[in-house]
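Participant: for reference, the sequence and a predicted model appear below.
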Amino acid sequence: MKIGIGSDHAGFNLKKSLIGFLTEKGHEVVDYGTFSVDRVDYPDYALIVSKHVVKQDVEFGILICGTGIGMSIAANKVRGIRAALVYDELTARLAKEHNHANIICIGERTTPLEEAKLIVDTFIKAHRESRHETRIEKIAEIEKVKN
Ligand code: RB5
């Protein structure tokens, strides 16, 4: 599976570890940065990964910051993105099955590495359930609303 990944400085170390984990499992991982622990702004990386997910350059995206919160807020501003902040196997599975998430967000400060590995593994193995399609379409309708 081709997966896009991005982080800010606070998610850099977890990103590095997850790239190793996913690569070892045979996935192709495209790293959209950041590439060091120097301070950066998480919305910049949320936008890069989101754009590639919408263009379907990758099958889904992983965004990591300190808590995953900022990344999820920013990514969900991009039309077509359903970014889910997940923190265990259950939320990872339901984000795919119920919410058809195309990005998962993880916090390096809140999620230990072993849990993060289980999260990405679970998300990859889960399937979108078609019975939730109407709700997903309603989310897309909200994107068309002009405030
Ligand atoms: C950076 O210090 C931190 O605010 C960021 O990584 C993230 O946790 C924001 O939601």
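Facilitator: Received, thanks.

Participant: which residues of the protein fall in strands?
Facilitator: Secondary structure of the chain by DSSP state E: the strands cover 2-7, 28-31, 60-65, 83-85, 103-107.

Participant: which secondary structure elements does the second one contact?
Facilitator: Right, the one you point to is strand 28-31. In terms of contacts (3 or more C-beta pairs under 8 Å, 6 or more residues apart in numbering; DSSP states H and E), strand 28-31 is packed against strand 2-7, helix 12-24. To be clear about C-beta, it is placed using only N, CA and C from the backbone, and glycine gets the same treatment.

Participant: each with direction, which strands does that strand pair with?
Facilitator: Next to strand 28-31 in the sheet, as set by DSSP bridges, lie strand 2-7 (parallel).

Participant: list the buried residues in the partner strand.
Facilitator: Ile3, Gly4, Ile5, Gly6, Ser7 (16 or more other C-beta atoms under 10 Å).

Participant: contact partners of that strand?
Facilitator: 14-15, 18-19, 22, 27-34, 42, 45-46, 48-49, 52-53, 57-65, 108 (C-beta atoms under 8 Å, 6 or more residues apart in numbering).

Participant: near the ligand, which of those residues show up?
Facilitator: Contacts with the ligand within those, counted by C-beta under 6 Å from any ligand atom: Tyr42, Cys65.

Participant: just the buried subset of the contacts of strand 2-7, please.
Facilitator: Using 16+ other C-beta under 10 Å, the buried ones in those are 14-15, 18-19, 22, 29, 32-34, 42, 45-46, 48-49, 52-53, 58, 60-65, 108.

Participant: noted, bye for now.
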